[in-house]
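Trainee: I would like the atomic coordinates for the input below:
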Amino acid sequence: MGKYFGTDGFRGEANVGLTADHAYKIGRFLGWYYGKDNPERARIVIGKDTRRSSYMFEYALAAGITASGSDAYLLHVTTTPSVSFVTRTDGFDCGVMISASHNAYYDNGIKLLNSHGEKMEQEVLDQIEAYLDSQEDLPFAKREKLGSTVDYIAGRNRYIGFLISLGLYSFKGMRIGLDCANGAAWNMARTIFEALGAKTYLLGVEPDGLNINAGVGSTHMEKLQQLVIEKGLDVGFAYDGDADRCLCVDEKGNIVSGDHILYILGQYMRDRGQLDNNTVVTTVMSNFGLYKAFDKLGIDYAKTKVGDKYVYEYMAQNGCRLGGEQSGHIIISKYANTGDGILTSLKIMEVMLAKKQTLSELGKGLKVYPQELKNIRVVDKATAQQDSEVQKAVAEVAEKLGDTGRILVRESGTEPVIRVMVEAPTQEECENYVNQVAEVILARGHGA
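Mentor: Next up is the predicted model:
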């Protein structure tokens with residue numbers, strides 16, 4: 001990770017950590033970089049979520065892009081996966097999404113995508129960061145070389161049509177709850193589900209610029225659970241602010257995590273010969289129970305570092321069709337190069353209708369192991385994790401657990417924190433083992 005761009009873009013509080021000047025300079029660089037060796041004018045597409053600051057960043061980016069002589073195409077309020085789709089299918093040089101995903105309204109972010117709709121190469125991000133910190137001045141376009149700003153809502157509409165076309169079954173008679181987090185999917189999700197025949201019940205569809213993710217969406221599932229139970233719905237789907245993730249609520253009101261989704265889709269795709277390499281790609285944070293369930297089904301799995309970026313990289317390098325995170329970032333590479341919340345919910349509906357089973361029935365083969373996670377603030381993450389006594393304590397826990405659970409100790413990517421996570425048959429065991437390791441870390445003087 002660089003100084004500004006992490007695994008999910010350049011994030012910060014609007015006009016504090018991430019300013020309009022940053023956006024303008026990023027636009028200037030993108031417009032220059034993609035235009036300098038281009039025989040035609042470079043084309044860059046921009047989408048945004050519903051945060052009030054997204055409008056400011058959109059216009060700052062567009063000003064920078066056009067000042068450098070490239071054209072800025074505006075999708076307006078739309079989802080991250082739609083920007084990825086439009087970038088790769090309409091031949092754009094790159095794509096930009098303005099969003100801080102599940103963060104509060106006062107944060108925002110700038111995510112950059114390459115011409116394939118994938119997360120931008122680190123080499124280009126490094127050059128952008130160097131430019132942001134430099135006093136270098138890029139050449140301005142003049143006269144007929146100036147770029148244009150183009151309203152491109154048609155691109156978003158084509159993406160909606162693409163998702164509707166994936167519906168293999170009519171949703172007629174299905175009663176579905178949709179929680180759009182007052183974010184990018186607030187209007188799109190309803191349009192798609194109703195076009196396929198569903199009766200929809202809505203939460204988080206009144207964005208005002210300040211209420212994105214506020215008590216709704218995939219990080220606040222309580223209201224959707226209540227809605228599903230009170231209305232007797234067949235299923236509920238919750239998205240985050242930019243709709244690149246999805247979590248579900250089954251007909252009984254239980255939360256269905258990203259691990260459950262991987263289990264359900266993995267089994268369905270395997271049974272239909274669609275699971276290339278017979279492998280599902282997960283991160284190290286997936287529940288131990290998921291791996292036990294895959295072992296029982298005879299499905300292989302890979303584990304990457306935390307972050308959908310790493311999941312996609314592994315999938316692309318190894319020809320895998322399905323991967324994702326416990327948080328609901330699910331990537332189905334036949335259709336998308338990024339997590340896509342609405343696409344995920346449509347594929348879950350497909351499995352329910354094809355197998356004529358409820359969501360709770362589909363997921364019952366996955367037993368979720370109890371989990372305990374403790375974050376320990378330390379002076380130096382690497383020193384703490386490499387301490388021989390700490391490693392000895394971790395090894396002792398792993399030996400005691402055997403094949404009945406697991407321990408994971410890792411450094412936070414954003415904080416001076418060591419995360420100790422244990423999964424075991426009982427919650428009491430989880431807590432005891434986590435505390436054993438935490439006590440050693442602190443006793444060795446690593447605590448901050």
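Trainee: ok now do residue 200, which residues does it touch?
Mentor: When contacts are counted by C-beta atoms under 8 Å, 6 or more residues apart in numbering, residue 200 touches 176, 177, 178, 190, 193, 194. (C-beta placed from N, C-alpha, C; glycine too.)
Trainee: Which secondary structure state does the closest residue to the last one other than its chain neighbours sit in?
Mentor: Read that as residue 194. Spatially, and ignoring its direct neighbours in sequence, residue 194 is nearest to residue 200 (5.8 Å; C-beta to C-beta, 6 or more residues apart in numbering). Three-state assignment for residue 200 (DSSP: H, G, I helix; E, B strand; the rest coil): strand.
Trainee: still on that earlier bit, need the buried ones from the contacts of residue 200 selected in ChimeraX.
Mentor: Of the contacts of residue 200, the buried ones can be selected in ChimeraX as follows, counting by 16 or more other C-beta atoms under 10 Å:
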select :176,177,178,190,193
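Trainee: Which pair in the contacts of residue 200 has the greatest spatial separation?
Mentor: 177 and 194 (13.2 Å; C-beta to C-beta).
Trainee: Among the contacts of residue 200, which lie within strands?
Mentor: Among these, the ones falling in strands (DSSP state E) are 176, 177, 178.
Trainee: Show me where the stretch 51-200 of the chain has its strands.
Mentor: 71-77, 94-98, 107-113, 149-151, 175-179, 199-203 (DSSP state E, counting those that start in this stretch).
Trainee: Looking at these, which one is packed in the most?
Mentor: The highest mean neighbour count among those, using mean count of other C-beta atoms under 10 Å, belongs to strand 94-98: a mean of 28.
Trainee: Show me what it is packed against.
Mentor: Secondary-structure packing of strand 94-98 (3 or more C-beta pairs under 8 Å, 6 or more residues apart in numbering; DSSP states H and E): helix 20-35, strand 43-48, helix 52-67, helix 80-89, strand 107-113.
Trainee: mind redoing it with 10 Å?
Mentor: Judged by 3 or more C-beta pairs under 10 Å, 6 or more residues apart in numbering; DSSP states H and E, the packing partners of strand 94-98 are strand 9-13, helix 20-35, strand 43-48, helix 52-67, strand 71-77, helix 80-89, strand 107-113.
Trainee: Any idea which of these gets closest to residue 121?
Mentor: Nearest to residue 121, of all the helices and strands packed on strand 94-98, is strand 107-113, at 9.4 Å by C-beta to C-beta.
Trainee: roughly how far out does the closest one sit from the chain middle?
Mentor: Between the centre of strand 107-113 and the centre of its chain there are 12 Å (C-alpha atoms, centre = their mean, to the nearest Å).
Trainee: what's the angle from that strand to helix 80-89?
Mentor: Using axes from the mean of the first three to the mean of the last three C-alpha atoms, to 10 degrees, the direction of strand 107-113 lies 20 degrees away from that of helix 80-89.
Trainee: Residues in contact with stretch 439-447: which ones?
Mentor: 374, 376-381, 383-385, 387-394, 396, 409, 418, 420, 438 (C-beta atoms under 10 Å, 6 or more residues apart in numbering).
Trainee: domains for this protein, by residue range?
Mentor: Domains of the chain are assigned by automatic domain parsing as 5-157, 166-362, 371-443.
Trainee: wait, what's in contact with residue 2?
Mentor: If you count contacts by C-beta under 10 Å, 6+ apart, then residue 2 has 10, 122, 125, 126, 128, 129, 130, 132 around it.
Trainee: just to revisit the earlier point, which single one of the ones in strands among the contacts of residue 200 is nearest to residue 83?
Mentor: Among the ones in strands among the contacts of residue 200, residue 178 lies closest to residue 83 (C-beta to C-beta), at 20.7 Å.
Trainee: Quick check: mean pLDDT of stretch 62-82?
Mentor: What stretch 62-82 shows for mean pLDDT is 98.
Trainee: Check the offset of that stretch from the chain's centre.
Mentor: Distance of stretch 62-82 from its chain centroid, counting by C-alpha atoms, centre = their mean, is 21 Å.
Trainee: Straight-line length of that stretch, end to end?
Mentor: Taking C-alpha to C-alpha, to the nearest Å, stretch 62-82 runs 19 Å from one end to the other.
Trainee: what does stretch 38-56 give?
Mentor: 28 Å.
Trainee: and it, average pLDDT?
Mentor: Stretch 38-56 carries an average pLDDT of 96.
Trainee: Now that stretch: buried residues?
Mentor: 41-51, 53-54, 56.
Trainee: ok so, going back, report the buried members of the contacts of stretch 439-447.
Mentor: 374, 376, 378, 381, 384-385, 387, 390, 393-394, 409, 418, 420, 438.
Trainee: and which of those residues is nearest to residue 87?
Mentor: Nearest to residue 87 among the buried ones among the contacts of stretch 439-447 is residue 381, at 35.4 Å by C-beta to C-beta.
Trainee: With that, I have no additional questions.
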